[in-house]
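>>> quick one: sequence and predicted model below, then my questions.
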Amino acid sequence: MSDYLFYPGCSMESSAKAYYHSVMSVCKTLDVKLNEIEDWNCCGATEYLSLDVTPAYALIARNLALAEQQANGSKTVVAPCSACYLNLSKADHYMHENKAFGEKINTALAAGGLHYDPGELIVRHLLDVIINEVGMDKVKEKVIKPLTGLRVAPYIGCMLPRPDYNDRYSDSEHPFELDDLLKALGAEVIDFPLKTACCGGHMTQIGPDTAFELIRRLISSADDYKADVMVALCPMCQMNLDAFQGQMNGYFHTNYKMPILFFTQLMGLAFGEKPENLGFGSEFVSAHEAMKRIGVQTPLPQDAKPAPKKPAGLPMPALRERVGQKSTTGNEEASE
Amino acid sequence: MSAQENKPKERVGVYVCHCGTNIAGVVNVGEVSKWASDNMKDEGVVISRDYKFMCSSLGQELIQKDIKEQKLTRVVVGACSPHLHERTFRNACKGAGLNPYLCELVSIREQDSWVHTDKIAATEKAKAIISGGVARVIHHEALEPLHVPIHPATLIVGGGIAGIQAALEIADAGFPVYLVEREPSIGGHMAQFDKTFPTLDCSACILTPKMVDVGNHKNITMLTYSEVQKVDGYVGNFAVTIKKRARYVKTEDCTGCGICWEKCPKKVIDDKFEAGIGYRKAVYTPFPQAVPKYPVIDDINCTYFVKGTCKACEKFCPTNAIDFTQKDEIMTVEVGNIILATGWDLFDARRVPNYGYGRLANVFTNMEFERMSNSAGPTGGNIVLRDGKTPPKSVGIVHCVGSRDKNYNNYCSAICCMQSLKFAHLVHEKTGATVYNFYIDIRTPAKGYDEFYQRIIEEGTLFVRGKVAEVTDAARNPGEEGKLIIQVEDTLVGKQRRIPVDMVILSAGLEPRSDSKALAKTFGISCSADGWFIERHPKLDPVATMTEGVYIAGCVQGPKDIPASVAQGAAAAARILGKIQQKEIALEPVRATIHEEQCSGCRICNTMCPFNAILFHEDKMVSEVNPALCQGCGTCVAACPAGAITGTGFSNEQILSQIDGLLLLTLDKKETVPSGS
Amino acid sequence: MNEKVIVSDPPSAGPLMHEDLELLHEVALLTPGDSHLEMCIQCGTCGGSCPSGSAMDHTPRAIFAMLRAGMREEVMKSNTPWMCVSCYYCTVRCPQDIHITDVMYTLKNMALKSKMFQDTTASDFSKTFISYVENYGRSFEIGLAGIHNVTHLRLAVRLPNMVPMALGMLTKKGMSPLPPKRIKGMNDLKKILKRAKELEAS
């Protein structure tokens, strides 16, 4: 059993209850103990930074200060929301990088009797903890109802792999961590080209034309790849793509019905948890049809899938290691 | 302290250079000069002068005149770095009959005027630096340079165009050359190219005659499929250990007929010569005009080596030239000089995830395109998409991939602009496709290059000024379906554009060889943080290195095109020919010496010496330095726990006196002694 | 500019002292960390990467050129920073390692203080969001969307499905229509924010 400091974030208590319940269920299965930071406050999302730099960082840092106080041996703060994760991580990064700035934020914190030592805590997103701390072996071991036949679009969004102050992800644009996790659950994972594109962020509130276009790009691309569902790992992404999908359809006269689920909901299912305990049914675009298909274990008919992209003609460069052929001439010398 | 001891034994002359305004603009040179003559009489300073350019003939004559008339026994010049003019002033002293090693050059330019703006403080610092030089030079000894013979043979590492040019220059002058090449054939990257800019000559047509000349030259020993393992010795007398990898082909019997690779059943993707878009067999020569003509068997992929059966090549070879029992050979050659011309590696475009190379089929690298466009390449010179048959109707060429980018390489790769313009021409000529070039800046500074740019504009290539943000297959509208979309800010319009094309060519940059740091260590030279080898002087000595006898040519020194590589190859050869013709070389007499009576025989220095110059005498249980091998680096001096080793020119006395001088302690002593006595 | 808040070490002293570069320097100083703003080579990677670029009146690259040219008013009036969705594509792709997203936050701060920016849709949204945080310590999604749409009726008109969507939030997602529960340390948080605002203004 590993203990972590848990920063749930505001959405987990309102719009993303499905995420909250599924996170709790999955963490229980994986022996991850989440100790919620006592009396945490909102991270300010992207809004406070837009108004005032110092109060914005002070607001974030109050959480870090509380977490440090309550650490009790644990040094890792886990956030399930990408925006919360980035804000916490960013405050720690800049307070650490720029001493004067760190002192200034601590001066503000002192007004509330608090202090944070930059660099003291490690801020991680839940996905990172599951992949790199719990490990894929353990995840695989816990899968009892593989998601065979479910075509999933892995959607990561922006703030997890970018700017990635601590180099935690394999790539800032096409990371494969979420793909690997979903594959381990038995799902069929599409090579989603827009996996780290923007969901629209707060544009749904302030510039709907822009937001709808960003949402459309994601949904239509996942639909082109014939994904049954798209998974998200951020309440804001899930909300924009799910709750605003209907309005986007109205705006563009389209009729997409792409269910948007949290990755932990699919993990819970694969771990054998009942769907009703994982927040299924709370989504705007119902996942019922898609889930029914795998609920009765009927894989999709072959012709529904586009032909796999196999290189004909000239060989493709190998993206990772070329299988079945070793490189030649002198490379073993070079690797010394 | 007696008055006797205070009386200076030496007669020192101090010379302060203005270096135009380089020094005099910041340091009050007149004041420094006067200060030296007023305050360092007790240190032996008998004359102090300042002059506009000490390094000029007139400046040197000034010193020589003083040496003769003032009977100077030591000279201190405060000027630029010893790197530049130490030899000038030593020679001047020598000309006037003073041992050159009794002259000390201290830097009041690089270490003072160039790095400070406060004139008063800089002037004070110049005084301290001069004072340090005076205190040090007192302890100098007269030294004689060592003379060693130069072996007439030269080792050239790397058989690309720079190495080939150097080899031919030296061999044609009548001296022996060993040309070591890692691949089965010489030719390097140039052999892979289709056309060469700006004249569009066929690369192979201009390269292969030179390759044939190398192959036939009586003075050139080609060692292909070989690598240097170790270098011992020093300038004039290097002993180089070379590993010749087993070819599994008896070169004395092989006729290069090609039946073996015709019959070989094992097809392998050719990551090297065909840049990954073509195949070769497990027994192969990289290309038809390979020199030497003998194939090699790639034992990692050969069916016989993997599974133990096959031997098709052996069965069909008409001259029984296949020999599966061959082993790698280790050989040693003796040479006087070395040229490193090991070239470059292509930047791995997969590192730029937003350009989709490796993920999107129709994104190609520049080397893939070169092979595709080459009529001897995998597509017979047809420019086609990854399906191997469809010609593109539109092509986007992306400049600066991995270059000029702090996420990857900070430097400009120098060749990509011209190469991309060449690609635009080739695509246009061969397919009639619409061609876009996406650039940050077009850099065409050499002869005929900008004219080439003009020609490409005239041909109708579309230029978009903007670094490409991403290449994607995620279409946003029907017009983009099935295309690769290049998303870019057209910075001259100030708007984001999405340009659908069929094919994208990435002009990936040049990188140092992945093993360049290890190579530098083997040859005892230094490389920059980027990994390019460092020349002795970036402008005035671009092919020599700080290690005597080791020269560099071509891209190993930094990205450059073919003409520049050829020029460097020839330049390095000329430098070496000059050395060989002198028959012997004078070595700096800066050497370490071990004091036998102080040596405890611990042997720490034996293993630390980077030049293997220290021997251990088992009988006497002491270590000894071989002065011919010692480079005077000082490693052993610092390492010796007993303090038994001194370096000539860097004795404790010299260093400590210089420090005292810098801190003006030598003067304080003088000032305090009289008042105290 | 005596009230300028220095939150960063000066990026590099010499060349930025030129008077034309005063504005650029000011933005760099107000951005936490070393923004490398002065290193822009105008390549357009940012403008090409921006998902909301088409809604901006100037691309980020053009904004940086305008900063360098000292065009304060044009920059402060620009909608560019307000259209930023904080996706950080520009930041990770920038070949000069310029912290573009952070610079956009700085420009928003400056525009608000200068009172030059005309369309307040975005800043009002931020202000409403933050008013909940400043009073409860937590954000309040439903109330936020409600107030924001009432203030900006123009938006509500464009979103005829807003009402059914809000109902969906309540029913499907089980969201509460009541404001969030106030955090226990609200008084201390208020003190912290008050001090931070003083530091910001000092």
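Thanks, I have the structure now.
>>> every contact and neighbour count from this point should use C-alpha atoms.
OK.
>>> where does the residue of chain C most remote from its centre land on pLDDT?
In chain C, counting by C-alpha atoms, centre = their mean, residue C:171 sits farthest out from the average C-alpha position, at 32.5 Å. Looking at residue C:171, its pLDDT reads 74.
>>> got the contact list for it?
For residue C:171, the contact set (C-alpha atoms under 8 Å, 6 or more residues apart in numbering or on different chains) is empty.
>>> how about residue A:176?
residue A:170.
>>> same thing but at 10 Å, please
Residue A:176 sits next to A:154, A:156, A:169-170, A:191, A:195 when contact means C-alpha atoms under 10 Å, 6 or more residues apart in numbering or on different chains.
>>> do the same with residue C:131
A:48, C:125, C:137-140, C:144.
>>> now do the contacts for residue B:421.
By C-alpha under 10 Å, 6+ apart, the neighbours of residue B:421 are B:197-198, B:397, B:399, B:436-437, B:442, B:444, B:449, B:452-457, B:461.
>>> buried subset of those residues as a PyMOL selection?
Entered in PyMOL, the line below selects the buried ones among the contacts of residue B:421, by 16 or more other C-alpha atoms under 10 Å in any protein chain shown:
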select buried, chain B and resi 197+198+397+399+436+437+442+444+449+452+453+456+461
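>>> ok, the contacts of residue B:421 vs residue B:311, which is closest?
In terms of C-alpha to C-alpha, no member of the contacts of residue B:421 lies closer to residue B:311 than residue B:197, at 43.7 Å.
>>> wait, what's in contact with the closest one?
Contact analysis of residue B:197 by C-alpha under 10 Å, 6+ apart lists B:203, B:415, B:418-423, B:448-449, B:452, B:561-563.
>>> in these, find the pair that's most separated.
So, these by C-alpha to C-alpha: farthest apart are B:423 and B:563, at 18.6 Å.
>>> and the residue of the stretch 201-336 of chain A nearest chain B?
Residue nearest to chain B within the stretch 201-336 of chain A (C-alpha to the nearest C-alpha): residue A:313, separated by 4.2 Å.
>>> for chain C, see how far away that residue is.
32 Å (C-alpha to the nearest C-alpha, to the nearest Å).
>>> burial of that residue, as a residue count?
Residues lying near residue A:313 (other C-alpha atoms under 10 Å in any protein chain shown) number 15.
>>> ChimeraX command for the buried members of the contacts of residue B:197?
In ChimeraX syntax, the buried subset of the contacts of residue B:197 is picked out as below (16+ other C-alpha under 10 Å):
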select /B:203,415,418,419,420,421,422,423,449,452,561,562
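>>> now, which of the contacts of residue C:131 sits nearest chain B?
residue C:125 (26.9 Å).
>>> tally of neighbours for the closest residue to the closest one other than its chain neighbours?
Leaving aside its chain neighbours, residue C:125 sits nearest to residue C:148 (6.1 Å; criterion: C-alpha to C-alpha, 6 or more residues apart in numbering or on different chains). The number of residues packed near residue C:148 is 23, by other C-alpha under 10 Å.
>>> need the pLDDT of residue C:148.
71.
>>> where does chain A have low pLDDT?
A:1, A:295-312, A:319-336 (pLDDT under 70).
>>> which bits of chain C sit near chain B?
Chain C has residues C:41-54, C:56-62, C:89-90, C:92-98 near chain B, with proximity defined as C-alpha under 10 Å from any C-alpha of the partner chain.
>>> 8 Å instead, please
C:42-49, C:53-54, C:58-59, C:61-62, C:93-97 (C-alpha under 8 Å from any C-alpha of the partner chain).
>>> domain map for the chain?
In the absence of a named chain, chain A is used. A:2-126, A:144-304 (automatic domain parsing).
>>> my bad, the chain I had in mind was chain C
Listed by automatic domain parsing, the domain ranges of chain C are C:13-114, C:121-201.
>>> could you work out the end-to-end span of the shortest one for me?
It refers to domain C:121-201. Length of domain C:121-201, first residue to last, C-alpha to C-alpha, to the nearest Å: 24 Å.
>>> can you pull out the strands in chain C?
For chain C, none of the segments meets the definition of strands by DSSP state E.
>>> tell me which helix or strand in it has the weakest average pLDDT.
When each helix and strand of chain C is scored by mean pLDDT, DSSP states H and E, helix C:13-16 comes last, with a mean of 46.
>>> residue ranges of the strands in the stretch 1-150 of chain B, please?
Per DSSP state E, counting those that start in this stretch, the stretch 1-150 of chain B carries strands over the ranges B:12-17, B:45-51, B:74-79, B:103-107, B:146-149.
>>> report the mean confidence score over the shortest one.
Which is strand B:146-149. pLDDT averaged over strand B:146-149 gives 86.
>>> helices or strands up against it?
Packing partners of strand B:146-149 (3 or more C-alpha pairs under 8 Å, 6 or more residues apart in numbering or on different chains; DSSP states H and E): strand B:584-587.
>>> direction included, what does the strand it packs on pair against?
Using DSSP bridges, the strands paired with strand B:584-587 are strand B:146-149 (antiparallel).
>>> quick check, residue B:254 in contact with residue B:314.
No: between residue B:254 and residue B:314 no contact is recorded; they are 11.5 Å apart, counting by C-alpha atoms under 8 Å.
>>> what touches both of those two?
B:320-321.
>>> for the nearest residue to residue B:130 once chain neighbours are set aside, which residues are in contact?
Among residues not flanking residue B:130 along the chain, residue B:78 sits closest, at 6.3 Å (C-alpha to C-alpha, 6+ apart). Contacts of residue B:78 were listed using C-alpha under 8 Å, 6+ apart, and they are B:14-17, B:105-108, B:129-130.
>>> and the gap between residue B:78 and chain A?
For residue B:78 relative to chain A (C-alpha to the nearest C-alpha), the value is 42 Å.
>>> which residues are in contact with residue B:616?
B:601, B:603, B:606, B:622-624.
>>> and it, how far is that from residue C:58?
74 Å.
>>> and for residue C:119?
15 Å.
>>> do the same with residue B:183
52 Å.
>>> more neighbours, those two?
Comparing residue B:183 with residue C:58 by other C-alpha under 10 Å, the one with more neighbours is residue B:183, at 24 against 21.
>>> just give me the neighbour total for the residue nearest to that one when sequence neighbours are not counted.
Spatially, and ignoring its direct neighbours in sequence, residue B:183 is nearest to residue B:225 (4.8 Å; C-alpha to C-alpha, 6+ apart). Residue B:225 sits with 20 neighbouring residues when counted by other C-alpha under 10 Å.
>>> quick one: contacts for residue B:225?
Residue B:225 is in contact with A:329, B:180-185, B:244-245, B:247, counting by C-alpha under 8 Å, 6+ apart.
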